[in-house]
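Participant: For reference, the sequence and a predicted model appear below.
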Amino acid sequence: MISLQNLDIAVIGNEDQVILMQLAGVEKYRVIEGESDIREKVREALREFVNDTSIGIIMIPENFRDYVDDILKYISESKKITPIIIEIPSKFTTEKEDVREFYKSYMKKLLGFSIEI
């Protein structure tokens, strides 16, 4: 069993998002670019990261959620502890007007109680 202290963070996103996360120390990533097959590229990357037992957190832009909604639902229903999948705001816009409130409610849903950041 892997210690939770040794789990990695992975990011799936465009080049800018991945570079920012690399600057923060994220070493596992998948850059999704191009106009064709974005859906399949995102789904393949998520499946790969979900099956990697060394990853504890997967970050994915909110605009990719529609591509992997069924996978996220399956993971949520399976009640696995890891990996935790976190939606990050998209590059130019965000569907959530108040990002702070979004993450506060997301953490409450995830943990079962609310925390103040």
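Facilitator: Here it is on my side, so go on. Numbers count the residues shown, from 1 in each chain.
Participant: mind showing which ranges of this structure have poor pLDDT?
Facilitator: Applying pLDDT under 70 to the chain picks out residues 1-5, 91-99, 102-103, 106-117.
Participant: buried ones in stretch 49-59?
Facilitator: 49-50, 55-59 (16 or more other Cβ atoms under 10 Å). Every residue, glycine included, has its C-beta placed from N, CA and C.
Participant: what does stretch 61-75 give?
Facilitator: 61-64, 67-68, 72, 75.
Participant: does Val26 count as helix, strand or coil?
Facilitator: With DSSP: H, G, I helix; E, B strand; the rest coil as the basis, Val26 sits in coil.
Participant: so what's the backbone phi/psi at it?
Facilitator: phi -70, psi 130 (degrees, to the nearest 10).
Participant: out of everything not next to it in sequence, what's closest to the residue sitting nearest the centre point of the chain?
Facilitator: In the chain, the centroid-proximal residue (Cα atoms, centre = their mean) is Met59; its distance is 2.3 Å. Take Met59 and drop its neighbours on the chain: the residue closest to it by Cβ to Cβ, 6 or more residues apart in numbering is Val11, 4.4 Å away.
Participant: which residues sit in contact with the residue nearest to the centre of the chain?
Facilitator: 9-13, 21, 26, 85-88 (Cβ atoms under 8 Å, 6 or more residues apart in numbering).
Participant: measure stretch 20-28 end to end?
Facilitator: Criterion Cα to Cα, to the nearest Å; first-to-last residue distance in stretch 20-28 is 13 Å.
Participant: Now render the buried residues of stretch 61-75 as JSON lines, adding distance to Arg39 and secondary structure.
Facilitator: Shown next, in JSON lines, are those (distance: Cβ to Cβ, whole Å; DSSP: H, G, I helix; E, B strand; the rest coil):
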{"residue": "Pro61", "distance to Arg39": "13", "secondary structure": "strand"}
{"residue": "Glu62", "distance to Arg39": "15", "secondary structure": "helix"}
{"residue": "Asn63", "distance to Arg39": "12", "secondary structure": "helix"}
{"residue": "Phe64", "distance to Arg39": "9", "secondary structure": "helix"}
{"residue": "Tyr67", "distance to Arg39": "4", "secondary structure": "helix"}
{"residue": "Val68", "distance to Arg39": "8", "secondary structure": "helix"}
{"residue": "Leu72", "distance to Arg39": "14", "secondary structure": "helix"}
{"residue": "Ile75", "distance to Arg39": "18", "secondary structure": "helix"}
